[in-house]
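J.: heads up, no residue letters with this:
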């Protein structure tokens, strides 16, 4: 199931009664924004519905009205955050291939920098070993991997070694980005160049093992 299908599935369960007024949609968005902040530094189990309602300054029944359950609320928060991140990272697809790689990394970092609560929710929040939450996270990683592959190779179709290598790089990026937004000792430009260079190393390693997946020329020269 891809990101769009996951989002539609969550929306169908968590938003059965929000197709009414514009005010309802605005209120739902406000509740999701509050949830992003709450779950960015607290675990799923650490927050009760009473806690959430108190922080949101609403009656608990209102959250049930929009999302049916605490889990439905959390899934809606994660899915909404994921959709924003993927959209932000994959913009300007009409650019030349190598430029798209740089823009994808730049977009990813800009999103994390300006939406820190949402980014933490995507990467490190959680409902224990909830399989649906894990599927959402796996989906965003796959989407980023495919966006990078499209920029580097001009296609989203990859040999297994390429997919695994790029997935390993994306997982490393998540940890590095979490550390960066917590301790921003590097500028975004420096962070971007660091990630571009480590990606260059990954692309060269993939080419050595799978010659049909040639790294873009700059990555082959200097990473």
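T.: Good, I have the coordinates. Keep in mind that this is a model prediction, so the values were computed, not measured.
J.: what about the protein, any weak spots by pLDDT?
T.: When residues are selected by pLDDT under 70, those of the chain lie in 1-20, 41, 90-97, 125-130, 218-223.
J.: again, only using 50
T.: By pLDDT under 50, the low-scoring segments of the chain are 6-8, 10-19, 220-223.
J.: tell me which residues of the helix or strand hosting residue 203 are tucked away?
T.: Per DSSP states H and E: residue 203 is located in helix 188-209. The neighbour-count check on helix 188-209 (16 or more other CB atoms under 10 Å) flags 191-192, 195-196, 199-200, 202-204, 206-207 as buried. Where you see a C-beta, it was placed from the backbone N, CA and C, and this is true even at glycine.
J.: Reformat the residues you listed as JSON lines; add distance to residue 136.
T.: As requested, the buried residues of helix 188-209 are exported to JSON lines (distance: CB to CB, whole Å):
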{"residue": "191", "distance to residue 136": "25"}
{"residue": "192", "distance to residue 136": "26"}
{"residue": "195", "distance to residue 136": "23"}
{"residue": "196", "distance to residue 136": "27"}
{"residue": "199", "distance to residue 136": "24"}
{"residue": "200", "distance to residue 136": "29"}
{"residue": "202", "distance to residue 136": "24"}
{"residue": "203", "distance to residue 136": "27"}
{"residue": "204", "distance to residue 136": "31"}
{"residue": "206", "distance to residue 136": "27"}
{"residue": "207", "distance to residue 136": "32"}
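J.: Does anything pack onto the helix holding residue 203? Which helices or strands?
T.: helix 97-114, helix 160-182, helix 217-222 (3 or more CB pairs under 8 Å, 6 or more residues apart in numbering; DSSP states H and E).
J.: Run the angle between it and helix 97-114 for me.
T.: Taking axes from the mean of the first three to the mean of the last three CA atoms, to 10 degrees, one finds that helix 188-209 is oriented at 130 degrees with respect to helix 97-114.
J.: what's helix 188-209 in contact with?
T.: 101-102, 105-106, 109-110, 113, 148, 152, 161-162, 165-166, 168-169, 172-173, 176-177, 180, 186, 213-216, 218-220, 222-223 (CB atoms under 8 Å, 6 or more residues apart in numbering).
J.: buried subset of the residues you listed?
T.: 101-102, 105-106, 109, 148, 152, 162, 165-166, 169, 173, 177, 180, 213, 215-216, 219.
J.: Brilliant, that's me finished.
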